[in-house]
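**Student:** need the 3D shape of this:
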Amino acid sequence: MKIIDGAKVSVDRNIVTVSGAKGTLVKNLSHPGLKLSIANGEISAEGELVMVNTAYAHIKNMMNGVISGYSKKIKILYSHFPISMEIKGKLMLIKNFLGEKQPRKAKIMGQTKVESKGQELTISGPSKEEVGQTFANIKSATKIRDRDSRVFQDGFYEVVE
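**Tutor:** Next comes the predicted model:
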C-alpha cells in the first residue's frame, strides 16, 4: 500500500505511528504471524490475508485522519425540556435532559474535540475510532429510559449530509 502524500509513517515492531498536519496517531497492530515493513514509500505486510487487509484498513484510516481529519455533525433536538451542555476537560455534561436534576456524562475520547454552536455539535479529530466512540458515548448517555420513546424523542441526532 502506497503512503499518501502529506503523511509520515513509521513502523517499529508492528507499532504504527502516522503523523501529518492534523496530528499524530499511534496504533499497536501486533498479531501473531503479521509483519509490517516500510520500503520505497510503500507499506508491506506479510501474514494471513484477513490480518493484512485489517492492518491496511487501519493504516489507511490513520493516514486520512492525520491529513484531512474526521468529523460528525450532531443536532440537539428537544420538545419538552431545553437541553444544555457543558464541556469540562474530557467530559461532556448534558444538563436538563428530560428535566432530570443530575447531569448525564459522556466521555470525550483521545484527541477528539467537541464544539457547539447553538443546537448543533461538531465532533472532530484525527482518529476515526475516537470520533465514532465519542459520538457513541453521547448517544449512550442520552438513552431514554423509563419513558415512551415514541413520545419523548429528545436527544442527539447525527446530521447526514
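**Student:** now do the end-to-end distance for stretch 79-89.
**Tutor:** End-to-end distance for stretch 79-89: 29 Å, by C-alpha to C-alpha, to the nearest Å.
**Student:** all strands of this protein, in order?
**Tutor:** Taking DSSP state E, the strands of the chain run over residues 8-12, 15-20, 23-28, 35-39, 42-46, 70-77, 84-88, 91-95, 104-107, 113-117, 120-125, 155-158.
**Student:** just send those strands back as CSV, with mean pLDDT and mean neighbour count too.
**Tutor:** Where you see a C-beta, it was placed from the backbone N, CA and C, and this is true even at glycine. Below are the strands of the chain laid out as CSV (pLDDT from 0 to 100; neighbours: other C-beta atoms under 10 Å):
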stretch, mean pLDDT, mean neighbour count
strand 8-12, 93, 14
strand 15-20, 94, 19
strand 23-28, 94, 15
strand 35-39, 92, 14
strand 42-46, 92, 15
strand 70-77, 94, 16
strand 84-88, 91, 13
strand 91-95, 94, 17
strand 104-107, 96, 17
strand 113-117, 92, 14
strand 120-125, 94, 19
strand 155-158, 89, 17
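**Student:** these two touch, right, Ser124 and Tyr70?
**Tutor:** Yes: with contact defined as C-beta atoms under 8 Å, Ser124 counts as touching Tyr70 (6.8 Å).
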